[in-house]
Every structure is written in C-alpha cells, then in structure tokens.
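>>> Provided below for reference: sequence and predicted model.
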Amino acid sequence: MSVVDLARFMEDLATESGQAILPFFRASFGMDDKGRDTGAFDPVTEADRAAETILRGRIRSTFPTHGIVGEEFGSDHADAECVWVLDPIDGTRAFITGLPTWGTLIGLLHDGVPVRGLMNQPYLGERFVGDGASASFHGIRGPRKLMTRRCERLADALLATTDPRLFAPGDEQDRFRSIEGAVRMSRYGTDCYAYCMLAAGQIDLVVEAGLKAHDIVALIPIIEGAGGIVTAWDGGSAAKGGRILAAGDVRLHAAALRHLNP
C-alpha cells in the first residue's frame, strides 16, 4: 500500500471509529472499572470497546501480517515489523463527564519506531495527523499545517498535564513540582488533547508519568512533524510510554530535562 493509500486508510479508521463512539457521548451507556482490584479508578465504556473492535477488524482484514496493540483487547503479534497501536478513547474520564478533551489515537510502529499518528476528535470534527516529517490539522475551517511555538525559557512556557496525581509521591512528584514551579502557567485535565495543542503551537510543554504505549505512540509523529520533540524523562525513546516529556522547542526540552534530572 502506498503512502497516500495508508494515509487514506488511517482517515477511514478515524471516521468509522468516530461513528461508533459518538452515539455514546453525553448519553447513557454501560461502564466498567478496570482498576477495581487496585483501588485506582480506571473506567472503560461500551464506546471504547465498540471502537477498538472496529479498528482491529479493519486492520486485520487489510493488513493481516501487521501486529496490533490496543488498550482494551491487548496485543496481537506485537513483534511484527509493522504494529498498529490503538487507544479508542484516550481521556475516558473526560468522555464520561461530557468534556470534549478526549480523542481516538491511531499510531503505526515500524520496527518499533513511531512513523505515523492520528488523533481524531469526532465531536469537535477535528483531526491531527503526522508522519514525523510534517503534521497537519483538519477541522471545520479546512486543513492547515501544524507548527510548534518557539519558546526557549521555562519562565515563558505554558505546561499541561492530565492530572498531577499521575506522579508517584516522593521523588517523581517532587521533580514534577520543580518544573511546574518554573513555568509561567500550568493546566490540568488535558489527556491527548494537550499534545495536539502543543503541536498546534498553543502550549509549550507536556509532562506526564505512568503512560502506556497506546497513550503516546500516535502522538509522537504528530509532535515531531510539527517541529517538536517527545522523549522519556531520561531523554530516551518515549515509544513504550512511562515518564513522558514533550516540548515544542528543543531548547525548552533541554531546560526541562535539567529540572527533571537534577
């Protein structure tokens, strides 16, 4: 399949999964707590499962040799050369409270490297797409190129994270508080939308911890394609999740790493 056809296929995946999700948004639906045994609330809805079922079915029928890693139904041939990494609803807590800061994440790994990513927000009619070399936004006013904002100093930076409780008490939380205390402003409750706003040049930093591969793989090519950088806190690859640092400016990223690794 050509690059053009692959891009169209990903767009089709976004459209079909969005059609499955939207009837559930701001409506009554079934919900389970995957974290019941751990004491940490981890919701999953009918919409999550319906969308991932559609995504997996289309990928298997089109690319039978590709692997799939999804939040709801686990891994299938995760050691394949090409692996799709799926999160049908990133931001389920936002979804169940009627807030539109959630999205469907569709990412593609080639030999373990994120090479294409898409974030779809069907309620707002927005898509963010990237291949590591370029990135674009598609909304109701048409498409436009994504470009991160230049910001060298932490004192000028706008930071986002989904929840400060992501960070384990002690050293991890202290490191986050250190960088949060150095920036101009911070915002919470953003999930995948924060990374897309970073790619769009609206914010400068995203700092998180405890992420899984399905939370971040699709977002890496979008941010890199817009001119940003995404790594682990130690500066290594972010593709497997964990502690994540994303920045729109390489100079800001370096300054943030110094705070996170004193």
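Good, I have the coordinates. Numbering: from 1, shown residues only.
>>> who touches the lengthiest helix in the chain?
What stands out as the longest helix in the chain, according to DSSP state H, is helix 3-21. Contact with helix 3-21 is made by 1, 47, 50-52, 54-55, 58-59, 62, 88-89, 104, 106, 108, 116, 118, 120, 122, 127, 129, as judged by Cβ atoms under 8 Å, 6 or more residues apart in numbering. Backbone N, C-alpha and C define where each C-beta goes, glycine included.
>>> Distance check, the closest residue to Gly241 other than its chain neighbours against Cys192.
Sequence neighbours aside, Leu211 is the residue nearest to Gly241 in space, at 4.0 Å (criterion: Cβ to Cβ, 6 or more residues apart in numbering). Using Cβ to Cβ, to the nearest Å, Leu211 is found at 10 Å from Cys192.
>>> thinking again about what came up before, check what pLDDT the residue nearest to Gly241 gets.
For Leu211, the model assigns a pLDDT of 97.
>>> Ala47 now?
87.
>>> okay, the angle between the host helix or strand of it and helix 3-21?
Assigned by DSSP states H and E, Ala47 belongs to helix 46-62. Counting by axes from the mean of the first three to the mean of the last three Cα atoms, to 10 degrees, helix 46-62 points 150 degrees away from the direction of helix 3-21.
>>> Counting neighbours, which bits of helix 46-62 end up buried?
Ala47, Asp48, Arg49, Ala50, Ala51, Glu52, Thr53, Ile54, Leu55, Arg56, Arg58, Ile59 (16 or more other Cβ atoms under 10 Å).
>>> Determine which two of those are furthest apart.
Among the buried residues of helix 46-62, the pair separated by the greatest distance (Cβ to Cβ) is Ala47 and Ile59, at 18.6 Å.
>>> Could you list the low-confidence segments of the stretch 1-150 of the chain?
1-4, 29-44 (pLDDT under 70).
>>> Contacts for the helix holding Ala47, please.
With contacts defined as Cβ under 8 Å, 6+ apart, helix 46-62 is touched by 1, 9, 12-13, 16-18, 20-21, 24-25, 29-31, 66, 68, 70-73, 76, 84, 86, 88-89, 92, 95, 104, 106.
>>> can you give me the strands for the stretch 101-250 of the chain?
For the stretch 101-250 of the chain, applying DSSP state E, counting those that start in this stretch gives strands covering 103-110, 113-121, 126-130, 135-139, 142-145, 158-161, 185-188, 205-211, 229-232, 242-247.
>>> The fourth one versus strand 126-130: what angle between them?
With the same axes, to 10 degrees defining the directions, strand 135-139 sits at 170 degrees from strand 126-130.
>>> how about strand 135-139 as PDB, C-alpha atoms only?
Written as PDB, here are the backbone C-alpha positions of strand 135-139 (Å, rounded to 0.1, in the frame of the first residue of the first chain):
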ATOM      1  CA  ALA A 135       1.900  17.400  10.600                       C
ATOM      2  CA  SER A 136      -1.500  18.900   9.800                       C
ATOM      3  CA  PHE A 137      -4.800  19.800  11.400                       C
ATOM      4  CA  HIS A 138      -8.100  19.200   9.800                       C
ATOM      5  CA  GLY A 139     -11.200  21.000  11.200                       C
END
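>>> Report how many residues lie close to the residue nearest to Gly241.
By the other Cβ atoms under 10 Å criterion, the neighbourhood of Leu211 contains 20 residues.
>>> ditto for the one 10 residues further on
Pro221: 26 surrounding residues under other Cβ under 10 Å.
>>> Ok, Asp171 next?
Neighbourhood size, Asp171 [other Cβ under 10 Å]: 9.
>>> Repeat that for Gly181.
By other Cβ under 10 Å, 10 other residues sit near Gly181.
>>> One more: Asp215?
Other residues within reach of Asp215, judged by other Cβ under 10 Å, total 25.
>>> ok, now the one 4 residues further on?
By the measure other Cβ under 10 Å, the count of residues near Leu219 is 33.
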